[in-house]
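>>> Below: sequence and its predicted model.
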Amino acid sequence: MTDRTHWIGEPLVRKEDEAILTGRARYIDDLEPVARLRHAAIVRSPHPHARIRAIDKSRAEALPGVVAVVTGKELLEIVGSVPSVVRTPARYFPFAHDKVRYAGEPVAVVVAGDRYIAEDAAELVDVDYEPLQGVASLDDAMAPGAPRLFEDAPSNVLSSRTFRYGDPDQAFATADRVFRLDYRFPRSFATPMETFGVIANFERAPDRFTVWSNFQGPYILQPLMAGALRVPGNRLRLISPPASGGSFGVKQAVFPYIVLLCGVSRLAGVPVKWTEDRLEHLMASSAASDRIGVVEGAFTNEGELQAIRFVNHVNLGAYIRAPEPASVYRMHAASNGAYRVRNLAIDNHLVVSNKVPCGLNRGYGGPQFYFALERMMEVAARGLQIDPAELRRRNFIPRNQFPYKGPAGATYDAGDFNAVLQAAIDRADYPALLARRDATRRDGRLFGIGLAVGVEPSGSNMAYVSLAQTPAERAKGDPKSGANGTATIAIDPTGQVTVTIASTPNGQGHATVAAQIVADRLGLDPKDIEVITELDTRSASWSIASGNYANRFSSIVADALALSATKVAEKIKRIAAEDLEVNVGDIELADGVARVVGVPAKAIPLRKLALRTHWHTGSLPEDMEPGIFETATLSPRQLDEVTPDDKVGSALTYGFVCDLVAVEIDRASGWLDIVKYVSVHDVGAMLNPLIVEGQIHGGFAHGLGAALMEELAYDRDGNFLTGTLAEYLCPTAPSIPPLDIGHVSTPSTANLLGAKGMGDGSSMLAPAAVANAVADALGRDDIELPLTLDRVWHYANTGKRK
């Protein structure tokens, strides 16, 4: 036993790494949990928009080894639609039954003895399509007379909402200066190493489904899935595997395949396993939304930001698929960004097109939001002739105003934005960068500096997506609020400590940090604590907020762990106090024992005390229950329902990030060289600095990919163009520049441990920061992403967009 009292804040190497690095981790594709397992291949539409005239499955059914071929029309008899918070005629099913609306949409499923036969048989399913005109871009989808994806809807704009906070119209009317940015943001996604996987088994007496999958949550989708499958919620059992090979949000979109494969298992009469291949994942899994929009800022001549106006047109793909349109509204309550501006105007228009539906992706709405806001701040700085860092400093929320209630309802818990900005300036040696820029330009070369800052909301309120409804629409339903977090700690009859959490991690190190938190409370070593991260809805303590999203582990789940461990510690201390004949307050837990404070010789091993709760229950205090099995469930009171005036506390904690980048562009080739990248983060109290830095590096890689190379490309009709990793380029280790990371800590006042959620970070800010640097180098504002070699060359040499 190591002689120490605190584990929280230590840079422990992850407990999970040994199994992962030695190939012993068990992923969804490693599992064969049920007998008679058969394999599925999905027949997908090659057309982005077409009617299904007929499906002939006879050739496929005749192939030896084929168990069943199930079509969408057959599934329609037993599977219902999955509802969305936006009430429109555009119903979503996880399969096409009369019409396909994106390339890759499932139209049939083949079940066979192995995957090879299933794939061969899928090629033999003959689908008679009537191709229709497709629309992929927002411009085409919103154009008058555009082909409609849903004939019952008046247009492809399925929802529009207008919000006003303060008096933005008056602020713009009286402003000294108004700066406008028209922007476009491309579609991309996270490309985890592991793709989707589902094993579905239908059983009768009673009718029920058991599903093993790498679905990550949010588990608010479980009741929606059960409803679509027409069974009570407790008859849809979801089990996650011991390990998951990354997600970054995208594995939320496993849920349609859970519903699809459950229906197939029921009709085929066998358990069914499906593992997605890379082409399927690129084409038909999920994506972040592409947007076009306008952002305007009203300023005084001295640079005070008095109002912001956003007009957002959001391409959600072929359907508004739950939990969308959450990506549009996740940042809504924090639409003032890091600034103390009180007047906001926001217009949101949700558009469908012949692209894959959208869903969770790292940053979830943050990259699009900050690209608009932080690009506008850079345009304003140039127009006002104020240094971009200074302009932001003049508008930051002062440290002495925290907790700060924003105009749209967010409550920023703690922060010192100026200190974070100053740390970035110091680490980058900003004056030297400015001098280098001036010298480089005198030589006729292109050098630019870009800055982006932003708050990072974490621990989402499940109510915020209700902003998509009008107050009148919300009033017709039941109120929603909160974000439950749960943790269970048990000490078994051999004295071993097991922790169970419902956070379904995808590589973030939750087990390591959970062990650190519990070890602190119980005076143990983290290596002696077993942490179970698999979630089984039959036995786990879970709720609709369970799962892995919105950086909720350190802001909410960590508190549940601390509370649960405190319950265990109090029980152990009470038993020890009685044995040692002292007050409970005189007992401390450290080094594996319960001992009297100041008298370390008077001690009893914690394991021995725990064993008594199982083996010698008659010796326990009269009002004490035997055994040690403690669950803590919490939902922060700050996360209340949406108010009638459209305000909501959408998250519990708000971290802060500042990215500063310097680039040099070679005019002859278009090559963009990142010569300096500094990223400073305020994540509150760091529970494990090593894991924090790993998450920062990962977020930076995702943000850099979106800035420089990643785009899910379609032609004008919706035909998919980036179906392999040769066309959809992602950054690799050699192509990622050095990242200089800094930290400033203002512990959160909204939870027990002072930790703010983190993990998105530079995935939200890098696109804006890099674009700002390129705009500065080229002296132009019409910068679009991704900043590929070809596009940058055109910007630098022709003055035209590419």
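Thanks, I have the structure now. Numbering: from 1, shown residues only.

>>> in what helix or strand does the residue nearest to Ser619 when sequence neighbours are not counted lie?
For Ser619, ignoring the flanking residues on the chain, the nearest one in space by Cβ to Cβ, 6 or more residues apart in numbering is Arg612 at 6.0 Å. Glycine gets a C-beta too; all of them are placed from N, C-alpha and C. Assigned by DSSP states H and E, Arg612 falls within helix 606-615.

>>> And Glu630, by the same measure?
For Glu630, the enclosing helix or strand under DSSP H and E is strand 628-634.

>>> Run through the neighbouring helices and strands of the helix or strand just after that strand.
Using DSSP H and E, the helix or strand that follows strand 628-634 in sequence is strand 651-665. Judged by 3 or more Cβ pairs under 8 Å, 6 or more residues apart in numbering; DSSP states H and E, strand 651-665 is in contact with helix 417-428, helix 430-442, strand 446-460, strand 672-682, helix 762-778.

>>> ok, 7 Å please
Other helices and strands packing on strand 651-665, by 3 or more Cβ pairs under 7 Å, 6 or more residues apart in numbering; DSSP states H and E, are helix 417-428, strand 446-460, strand 672-682, helix 762-778.

>>> Quickly compare the ones you listed and say which is most buried.
The highest mean neighbour count among those, using mean count of other Cβ atoms under 10 Å, belongs to helix 762-778: a mean of 29.

>>> Centre of the chain to that helix, how far?
Relative to its chain's centre, helix 762-778 lies at 22 Å (Cα atoms, centre = their mean, to the nearest Å).

>>> again, but for stretch 246-258
In terms of Cα atoms, centre = their mean, the centre of stretch 246-258 is found 10 Å from the chain centre.

>>> Can you list the buried residues in that stretch?
Buried residues in stretch 246-258, counting neighbours by 16 or more other Cβ atoms under 10 Å, are found at 246-258.

>>> gap between the two ends of that stretch?
Criterion Cα to Cα, to the nearest Å; first-to-last residue distance in stretch 246-258 is 18 Å.

>>> Which residues does that stretch contact?
Stretch 246-258 is contacted by residues 94, 189-190, 192-194, 196, 198, 200, 211, 213-218, 221, 225, 274, 285-286, 359-362, 364, 506-507, 548-549, 702 when judged by Cβ atoms under 7 Å, 6 or more residues apart in numbering.

>>> again, but for stretch 392-400
Residues from elsewhere that reach stretch 392-400 (Cβ under 7 Å, 6+ apart): 303-305, 338-341, 377, 404, 412, 415-418, 421, 453.

>>> again, only using 8 Å
Applying Cβ atoms under 8 Å, 6 or more residues apart in numbering, the external contacts of stretch 392-400 come out as 302-305, 338-341, 377, 386, 404, 412, 415-419, 421, 451, 453, 746.

>>> if you average pLDDT over that stretch, what comes out?
Averaged over stretch 392-400, pLDDT sits at 98.

>>> same question, stretch 567-586
Averaging pLDDT along stretch 567-586 gives 95.

>>> So which bits of that stretch are buried?
Using 16+ other Cβ under 10 Å as the test for burial, stretch 567-586 gives 567-569, 571-577, 580, 586.

>>> chain center to that stretch, what's the gap?
From the chain centre to the centre of stretch 567-586 is a distance of 42 Å (Cα atoms, centre = their mean).

>>> what do you get for stretch 411-423?
How far stretch 411-423 lies from its chain's middle: 23 Å, per Cα atoms, centre = their mean.

>>> can you list contacts of that stretch?
Defining contact as Cβ under 8 Å, 6+ apart, one finds that stretch 411-423 is touched by 334, 338, 389, 392-393, 396-399, 402-406, 453, 455, 638, 649, 652-654, 656-658, 680-682, 684, 742-744, 746-750, 756.

>>> go again using 6 Å as the cut-off
Contacts with stretch 411-423, where a contact means Cβ atoms under 6 Å, 6 or more residues apart in numbering, come from 338, 393, 396, 399, 402-405, 649, 653-654, 656, 658, 680, 682, 742, 744, 746, 748-750.

>>> Need the buried ones from those residues selected in PyMOL.
Selecting only the buried entries of those in PyMOL, with 16+ other Cβ under 10 Å as the criterion:
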select buried, resi 338+393+396+402+404+649+653+654+656+658+680+682+742+744+746+748+750
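
>>> in the stretch 501-650 of the chain, which spans are strands?
529-532, 587-590, 593-596, 599-605, 628-634 (DSSP state E, counting those that start in this stretch).

>>> Rebuild those as CSV, extending it with distance to Ser58 and mean neighbour count.
Output for the strands of the stretch 501-650 of the chain, formatted as CSV (distance: least, Cβ to Cβ, whole Å; neighbours: other Cβ atoms under 10 Å):
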stretch, distance to Ser58, mean neighbour count
strand 529-532, 48, 20
strand 587-590, 70, 22
strand 593-596, 73, 22
strand 599-605, 71, 14
strand 628-634, 54, 18
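
>>> if we can go back for a sec, next, format the buried residues of stretch 567-586 as JSON lines and append distance to Ala713.
JSON lines is the format used below for those (distance: Cβ to Cβ, whole Å):
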{"residue": "Lys567", "distance to Ala713": "53"}
{"residue": "Val568", "distance to Ala713": "53"}
{"residue": "Ala569", "distance to Ala713": "55"}
{"residue": "Lys571", "distance to Ala713": "59"}
{"residue": "Ile572", "distance to Ala713": "59"}
{"residue": "Lys573", "distance to Ala713": "61"}
{"residue": "Arg574", "distance to Ala713": "64"}
{"residue": "Ile575", "distance to Ala713": "65"}
{"residue": "Ala576", "distance to Ala713": "65"}
{"residue": "Ala577", "distance to Ala713": "67"}
{"residue": "Leu580", "distance to Ala713": "70"}
{"residue": "Asp586", "distance to Ala713": "68"}
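
>>> Greatest separation within those residues: which pair is it?
Across these, no pair lies farther apart than Lys567 and Leu580, at 20.6 Å, counting by Cβ to Cβ.

>>> Any regions of the stretch 551-700 of the chain where pLDDT drops low?
Of all residues in the stretch 551-700 of the chain, none has pLDDT under 70.

>>> Next: the stretch 701-802 of the chain.
By pLDDT under 70, the weakly predicted segments of the stretch 701-802 of the chain are 800-802.

>>> coming back round to it: nearest to Ala435, of the strands of the stretch 501-650 of the chain?
Nearest of those to Ala435, taken as Cβ to Cβ: strand 529-532 at 50.8 Å.

>>> Restricted to helices, list the buried residues of stretch 567-586.
Among the buried residues of stretch 567-586, the ones falling in helices (DSSP state H) are 567-569, 571-577, 580.

>>> Please, where are all the helices along the stretch 351-500 of the chain?
Along the stretch 351-500 of the chain, counting by DSSP state H, counting those that start in this stretch, helices occupy 366-384, 388-395, 417-428, 430-442, 471-475.

>>> Take those helices and write them to JSON lines, including distance to Asp645.
Below are these laid out as JSON lines (distance: least, Cβ to Cβ, whole Å):
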{"stretch": "helix 366-384", "distance to Asp645": "21"}
{"stretch": "helix 388-395", "distance to Asp645": "24"}
{"stretch": "helix 417-428", "distance to Asp645": "27"}
{"stretch": "helix 430-442", "distance to Asp645": "41"}
{"stretch": "helix 471-475", "distance to Asp645": "8"}
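
>>> And these: which comes nearest Glu77?
Nearest to Glu77 among the helices of the stretch 351-500 of the chain is helix 471-475 (31.0 Å), distances taken as Cβ to Cβ.
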